[in-house]
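Trainee: When you get a sec, could you give me coordinates for this:
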Amino acid sequence: MRATLVLVLTVASLLGAAKPAPLPPLREQAEQEQQWLRFRLERNLPALMRRHGVGMWLVVCREYAEDPAFFSLVSPTVFSARRRTMYVFNDLGPERGVERLALGGGSNGGLYTVYRDPNVEKREIYGEEQWALLKSLILARNPATIAIDVSSTHAFSDGLTSGERDKLEATLGPELMRRVVRAENLALEYQELRVPEMLPAYRQMMEIAHSLIARAFSDEVIHPGVTTNLDVVWWLRQKVNDQGLGTWFQPSVRVQSLTKTGVVMMNEEDAVVIQRGDVLHVDFGITAMRLNTDTQHMGYVLKPGETDAPPGLKAALANAQRLQDIMLAKMKPGLTGNQVLAEAIERMRSEHIDGTIYSHPIGDHGHAAGPLIGLWDRQEGVPGRGDVLLLPGSWFSIELQATTSVPEWNNKPLFMGLEEDAAIDERGHISWVLNRQSAFHLIR
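Mentor: As a prediction, this is how the structure comes out:
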């Protein structure tokens, strides 16, 4: 009896060890996030301002109309602008650094200096006096250039609303407005760049996402002939909620079936009963600690007597994996997203892979700041959004698909959509955040 109990406990402990560790309590998460914010403000921001020739950067926004950059600039306990919040970043030079001033709102745990009118004590500054205070600050600091977040290309750099811009122009007047520039890459790159200290927590998030997909694509959830794709979607949503996580998009599960007329990709929005022999595709992401993941994996529902996916299906998956390898080999910092796309497609075609590439940055947002590497319907490149450079210290979702004719499916083409997150380190080397999917998830 004692030996049996020891065996049971040993097996249970091994099974428990295989489960991903949960994220720490919210208070500890907030402490980590605050540290990341300090590192980004102290390390990344000064270098970016000097790289783009910006003497002063203004981030001005109101509650419910926050600049996209706002949430990358504030503490994890700040959820919105305070009526109107103005952040002023003024470069004092390499020796003294960038001063961070808050006109409206608090100090974000001491990361900002709350700037107030010394003639008005213990009073919140909003409205006309807030604009007057901003002008007096600018006159006192006398920057050569003043960057604002206005862009027709990048949403991440277009956070100054038209009403706030009108007010800024009226406040500063023609002379100071001549110093105002649209330094759109400053806001873009600040949101894009990570610090190395963020990667362990992000890898932990990826472990959770992979674990949930593995459970969703197993007989824990799927019972062929009974379970629908939407049942799997809502199982994922519920588990995300149960674990105190969020998501930035509705998951999808798509079913490919071999019919008399060929391979049919079922509409992901319709409830489709999953049958033996079906090939499944999931698109799934979680949100935590103001970070986002994005993953696509493939599953196969075994037929009676099968213990693995047929060789043709494995070959189709291998084609998509080979396209992943090509992408990582071509993603070199200093190239634009469009250049990476062109080089990857050229190599893909030379290897006779029928594929599509639509990869994107990830991090503070799901479809995040940085260069696009194709869109599913823009394989010739994406003007503007694909013309910015890949940078060391950024993260990407390597998203793509390869279509391959499968002998076991009457030589009909089968879609294999994969997506895994990868990180470019400070030296410019790119690698997977977590091991990529290496084989089908099998539903027995």
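Trainee: partners of the nearest residue to Val433 once chain neighbours are set aside in the sheet?
Mentor: In space, and not counting its chain neighbours, Val433 is closest to Asp421: 4.6 Å by Cβ to Cβ, 6 or more residues apart in numbering. All C-beta spots, glycine's among them, are computed from the backbone N, C-alpha and C. On the basis of DSSP bridges, Asp421 is bridged to Ser397.
Trainee: quick one: Asp421 from Leu328, how far?
Mentor: Per Cβ to Cβ, to the nearest Å, Asp421 is found 12 Å from Leu328.
Trainee: Likewise for Tyr112?
Mentor: Taken as Cβ to Cβ, the span from Tyr112 to Leu328 is 39 Å.
Trainee: Then Asn410?
Mentor: Taken as Cβ to Cβ, the span from Asn410 to Leu328 is 33 Å.
Trainee: the more surrounded of the two?
Mentor: Leu328 (18 against 11; other Cβ atoms under 10 Å).
Trainee: need the contact list for the most centrally placed residue in the chain.
Mentor: Centroid-nearest residue in the chain, with Cα atoms, centre = their mean: Ile362, separated by 2.4 Å. Applying Cβ atoms under 8 Å, 6 or more residues apart in numbering, we find Ile362 in contact with 292-294, 368, 395-397, 421.
Trainee: Next, it: phi, psi?
Mentor: phi -150, psi 160 (degrees, to the nearest 10).
Trainee: and the residue nearest to Val433, what does it touch?
Mentor: Here Asp421 is in contact with 202, 206, 293-295, 362, 395-398, 432-434 (Cβ under 8 Å, 6+ apart).
Trainee: repeat for Lys332
Mentor: 340, 390, 428.
Trainee: Likewise for Thr153?
Mentor: Thr153 neighbours (Cβ under 8 Å, 6+ apart): 184, 384-385.
Trainee: follow-up on the earlier one: what's the most distant pair in the contacts of Asp421?
Mentor: Tyr202 and Ile398 (14.8 Å; Cβ to Cβ).
Trainee: Looking at those two now, which is surrounded by more residues?
Mentor: Per other Cβ under 10 Å, whichever of Tyr202 and Ile398 has more neighbours is Ile398, with 26 against 22.
Trainee: ok, Gly374 to Leu414 distance?
Mentor: Gly374 is 21 Å from Leu414, by Cβ to Cβ.
Trainee: neighbour count winner among those two?
Mentor: The neighbour count for Gly374 versus Leu414, taken as other Cβ under 10 Å, is higher for Gly374 (26 against 23).
Trainee: I figured that one hits Glu343, correct?
Mentor: No. Using Cβ atoms under 8 Å, Gly374 makes no contact with Glu343, being 11.6 Å away.
Trainee: Longest helix in this structure, by number of residues?
Mentor: helix 311-330 (DSSP state H).
Trainee: which residues touch that one?
Mentor: Contacts of helix 311-330 (Cβ under 8 Å, 6+ apart): 279, 298, 300, 308-309, 340, 343-344, 347-348, 351, 353, 355, 357, 359, 373, 398, 400-402, 404, 406-409, 414, 416-418, 420, 422, 430-431, 436, 438-440.
Trainee: Just the buried ones from those, in ChimeraX syntax?
Mentor: Typed into ChimeraX, the next command selects the buried ones out of the contacts of helix 311-330 (criterion: 16 or more other Cβ atoms under 10 Å):
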select :279,298,300,309,340,343,344,347,348,353,355,357,359,373,398,400,401,402,404,406,409,414,416,417,418,420,422,430,436,440
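Trainee: Among the contacts of helix 311-330, which are located in helices?
Mentor: Short answer: the contacts of helix 311-330 in helices (DSSP H) are 340, 343-344, 347-348.
Trainee: Spatially, which two of those residues are the most separated?
Mentor: Val340 and Met348 (12.0 Å).
Trainee: so can I have JSON lines of the ones in helices among the contacts of helix 311-330 showing pLDDT and distance to Thr153?
Mentor: JSON lines is the format used below for the ones in helices among the contacts of helix 311-330 (pLDDT from 0 to 100; distance: Cβ to Cβ, whole Å):
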{"residue": "Val340", "pLDDT": "98", "distance to Thr153": "18"}
{"residue": "Glu343", "pLDDT": "98", "distance to Thr153": "23"}
{"residue": "Ala344", "pLDDT": "98", "distance to Thr153": "23"}
{"residue": "Arg347", "pLDDT": "98", "distance to Thr153": "28"}
{"residue": "Met348", "pLDDT": "98", "distance to Thr153": "27"}
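Trainee: Name the residues of the strand or helix carrying Glu207 that are buried.
Mentor: Per DSSP states H and E: Glu207 is located in helix 199-216. Neighbour counts using 16+ other Cβ under 10 Å place 201-202, 204-210, 212-213, 216 of helix 199-216 among the buried residues.
Trainee: Tell me where the stretch 101-250 of the chain has helices.
Mentor: Ranges of helices in the stretch 101-250 of the chain, per DSSP state H, counting those that start in this stretch, are 128-141, 162-177, 184-192, 199-216, 229-242.
Trainee: Spit out the contact partners of Leu26.
Mentor: Gly244.
Trainee: Hmm, Gly110 and Ala102 touching each other?
Mentor: No. Using Cβ under 8 Å as the test, Ala102 is too far from Gly110 to be in contact (11.0 Å).
Trainee: Neighbour count for those two, which is higher?
Mentor: Ranked by neighbour count (other Cβ under 10 Å), Ala102 and Gly110 place Ala102 first, with 21 against 10.
Trainee: Any idea how many residues pack against the closest residue to that one other than its chain neighbours?
Mentor: Using Cβ to Cβ, 6+ apart and skipping the chain neighbours, the partner closest in space to Ala102 is Tyr112 (4.0 Å). The local packing of Tyr112 (other Cβ under 10 Å) involves 22 other residues.
Trainee: got it, and the one 4 residues further on?
Mentor: Counted by other Cβ under 10 Å, the residues lying close to Arg116 total 17.
Trainee: And the pLDDT for it?
Mentor: Predicted confidence (pLDDT) for Arg116: 84.
Trainee: So it sits against Leu133, correct?
Mentor: Yes. With contacts counted by Cβ under 8 Å, Arg116 reaches Leu133, the gap being 7.5 Å.
Trainee: can you list contacts of stretch 402-416?
Mentor: 256, 258, 262-263, 265, 279, 281, 298, 310-313, 315-317, 319-320, 322-323, 353-355, 401.
Trainee: Could I get the contacting residues of Glu66?
Mentor: 80-81, 159.
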